[in-house]
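# Turn this into a structure:
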Amino acid sequence: MAVDRVNLRADCLKLWKLLYRKEKQKIFALVLGMFFLSFLDVLGIGLFVPIVQVATSNEVAFWPISSLQTSYSQRALILFLVGSLVSVILLKNLLTVTFSRAQYKVQYSLNERIGLKV
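Sure thing, here's the model as predicted:
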């Protein structure tokens, strides 16, 4: 099993050396995009808790929402939170489509270029 890891590491290093600087930058940007999309996923999931708290009771334990609670009615606060949730979900889905297209383009160009080289 350890031999397979060594071979995998050596193969990855060989592939990394085949890449041009611009391609490495694109791969790095794709990895950053993955982390950003993961953050948006967590943010979207995290918005469910304040929505449920505001909808079920008048007290909110979530600090940013509790400061807003004194200024707005419960209905306005629910609409704001649901609007925020929908906005985050729409943004995440639009970025996912864009990110998938960019990932496909990078992968296709790498396959084509390295396939000709090997």
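# Any stretches of the protein with poor pLDDT?
Across the chain, the ranges flagged by pLDDT under 70 are 1-5, 58-70, 118.
# Tell me how far the helix or strand that contains Val86 lies from the chain's centre.
Assigned by DSSP states H and E, Val86 belongs to helix 74-117. Mean C-alpha position of helix 74-117 versus that of the full chain (Cα atoms, centre = their mean, to the nearest Å) differs by 7 Å.
# ok, and the closest non-adjacent residue to Thr96?
Using Cβ to Cβ, 6 or more residues apart in numbering and skipping the chain neighbours, the partner closest in space to Thr96 is Leu37 (6.1 Å). Every residue, glycine included, has its C-beta placed from N, CA and C.
# Val97 is in contact with the one you found, correct?
No. Look at Leu37 against Val97 with Cβ atoms under 8 Å: they stay out of range, at 10.9 Å.
# and the two? which has more neighbours close in?
Between Leu37 and Val97, counted using other Cβ atoms under 10 Å, the more crowded position is Leu37 (16 against 10).
# next helix or strand past the host helix or strand of that one?
Leu37 is located in helix 21-46, with elements delineated by DSSP H and E. Counting by DSSP H and E, the element after helix 21-46 in chain order, helix or strand, is helix 48-56.
# Show me which residues of that next one are buried.
Using 16 or more other Cβ atoms under 10 Å as the test for burial, helix 48-56 gives Pro50, Ile51, Gln53, Val54.
# any idea of the angle that helix forms with helix 74-117?
160 degrees (axes from the mean of the first three to the mean of the last three Cα atoms, to 10 degrees).
# Any idea how far helix 48-56 is from the middle of the chain?
Mean-position distance between helix 48-56 and its chain equals 24 Å (Cα atoms, centre = their mean).
# Contact partners for Lys117?
Leu18 (Cβ atoms under 8 Å, 6 or more residues apart in numbering).
# To clarify, my last question referred to Phe99.
By Cβ under 8 Å, 6+ apart, the neighbours of Phe99 are Leu30, Gly33, Met34, Leu37.
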